[in-house]
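1. I would like to see how this sequence folds:
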Amino acid sequence: ITSSSSSSSLSSPILPKSRKALLESTRVILLINPDNHTAWNVRRRIIMQDESLAGLEYELKMLALIFTKHPKSGAAWAHRRWALSLLDPFKEWCDASCIYKHKRFQDELKLCAQNSAMNKNNYYSWTHRIWLLEKISAKISLLAELKWCHEWVSMHVSEHTGLHYLHQVFNKIMALHGRRSRMIPAILRRDTPTKNA
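-> As a prediction, the model looks like this:
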């Protein structure tokens, strides 16, 4: 097989009669081994040929199921980001100022929080959350994320991945809104006893 013939076979469409069997077989493969890149690539090709969003929605549900058994699969998290990038509010043209309140965005934050709480130092779920952080630009949303993360880190003191994320949030606030953000000290301040107490 020459390289030109193999590249043309990769770009050729998958026939409709083969799609169902391929989706079923790759689902079984990925439930057992979610780091099988070939299976993810086959699923991407099939989803890209499908004009509806139903395939993407199903893919997100399947990925949530996979994370219950394999929460630290880098390939699965990368596939999730790929699928989300085709949906609102993650498309490049979507308004970044109100993305934080979008239901799908909040669902992703919850998924990351659940995976991080259940699996110590889950680098992959925190990396996914950093990908979400890149989409946020509104100061109020960044401060809400800072507050959430500060509370999370205080409850999980040995989690260095959460502390790294806190640092990322803090850096983004400083980069976008400067060092004069008055809300940061109030969020990070701990209750300290007064001198009179």
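2. and residue 130, how close does it get to residue 175?
-> Going from residue 130 to residue 175 by CB to CB, to the nearest Å gives 14 Å. To be clear about C-beta, it is placed using only N, CA and C from the backbone, and glycine gets the same treatment.
3. tell me which of those two has more neighbours.
-> Regarding residue 130 and residue 175, a neighbour count based on other CB atoms under 10 Å identifies residue 130 as having more, with 15 against 8.
4. ok, then the element right after the helix or strand the more buried one falls within?
-> Per DSSP states H and E: residue 130 is located in helix 123-133. As assigned by DSSP H and E, the chain's next helix or strand after helix 123-133 is helix 139-155.
5. tell me the helices and strands packed up against that following helix.
-> Packing contacts for helix 139-155, counted by 3 or more CB pairs under 8 Å, 6 or more residues apart in numbering; DSSP states H and E, involve helix 160-177, helix 183-188.
6. avg pLDDT for the longest one?
-> This points to helix 160-177. Across helix 160-177, the average pLDDT comes to 90.
7. so what does it touch, helix or strand wise?
-> The helices and strands touching helix 160-177, judged by 3+ CB pairs under 8 Å, 6+ apart, are helix 123-133, helix 139-155.
8. quick one, that helix and helix 123-133 angle?
-> For helix 160-177 against helix 123-133, the angle by axes from the mean of the first three to the mean of the last three CA atoms, to 10 degrees is 10 degrees.
9. thank you, goodbye.
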